[in-house]
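Visitor: Kindly return the folded structure for what I paste below:
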Amino acid sequence: MSNDTDVVPLDKLAEVYIKIRTRIAEITKEADTKVEELKAQQDEISSAMKETLRQLNVRSVNTVAGTVILTEKTRYFPSDWAEFKTFVRENDAFDLMEKRIAQTNMAKYLEENPDKYPPGLQSETEFSVSVRKPSAK
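Guide: Predicted coordinates:
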């Protein structure tokens, strides 16, 4: 069992915590800058490879360094959500939608309608500690 002399004062822990957080932010910013530079270079190379594959009219090319593959990805999105939701209801096409809950909207709904808890809804609450810098004096 520990006594009061074993407890590190919270002000000291908060001070060290903030120093670590600041250093993490500095390192992250430096790394993010380098990563963005590399991604820009990678995008230029990717564009050149796409153009080459299109000019050759092929979907892939085997090279000594690796196989270059041109893939096609189509993304769908409605220009009018109200119309799209009506279409989904009228055609019983609910499988066209993704199953996820808008977290902020659900929290607001439950706050405004505490007596209308949706059946089967589960929730998980997690606690964390945050530390703010002291205000300038």
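
Visitor: for the lengthiest helix in the chain, what is the average pLDDT?
Guide: As assigned by DSSP state H, the longest helix anywhere in the chain is helix 10-56. The average of the pLDDT scores along helix 10-56 is 95.

Visitor: on contacts alone, who are the packing partners of it?
Guide: strand 60-62, strand 67-69 (3 or more C-beta pairs under 8 Å, 6 or more residues apart in numbering; DSSP states H and E). All C-beta atoms are positioned from the backbone trio N, CA, C, and that covers glycine.

Visitor: Pull out the buried positions in stretch 50-62.
Guide: Of all the residues in stretch 50-62, those buried under the rule 16 or more other C-beta atoms under 10 Å are residue 53.

Visitor: Stretch 113-125 now?
Guide: Residues of stretch 113-125 include none that count as buried (16+ other C-beta under 10 Å).

Visitor: mind saving the C-alpha coords of that stretch as CSV?
Guide: C-alpha atoms of stretch 113-125 as CSV (Å, rounded to 0.1, in the frame of the first residue of the first chain):
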residue,chain,number,x,y,z
ASN,A,113,-35.9,12.6,-27.3
PRO,A,114,-34.8,10.7,-24.2
ASP,A,115,-38.1,8.6,-24.2
LYS,A,116,-37.6,7.4,-27.8
TYR,A,117,-34.5,5.2,-27.6
PRO,A,118,-34.3,3.1,-30.8
PRO,A,119,-34.7,-0.6,-30.2
GLY,A,120,-31.5,-2.6,-30.6
LEU,A,121,-29.3,0.5,-30.3
GLN,A,122,-26.1,-0.1,-28.3
SER,A,123,-23.7,2.4,-27.0
GLU,A,124,-20.2,2.4,-25.6
THR,A,125,-18.7,5.3,-23.6
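
Visitor: Alright, I will stop here.
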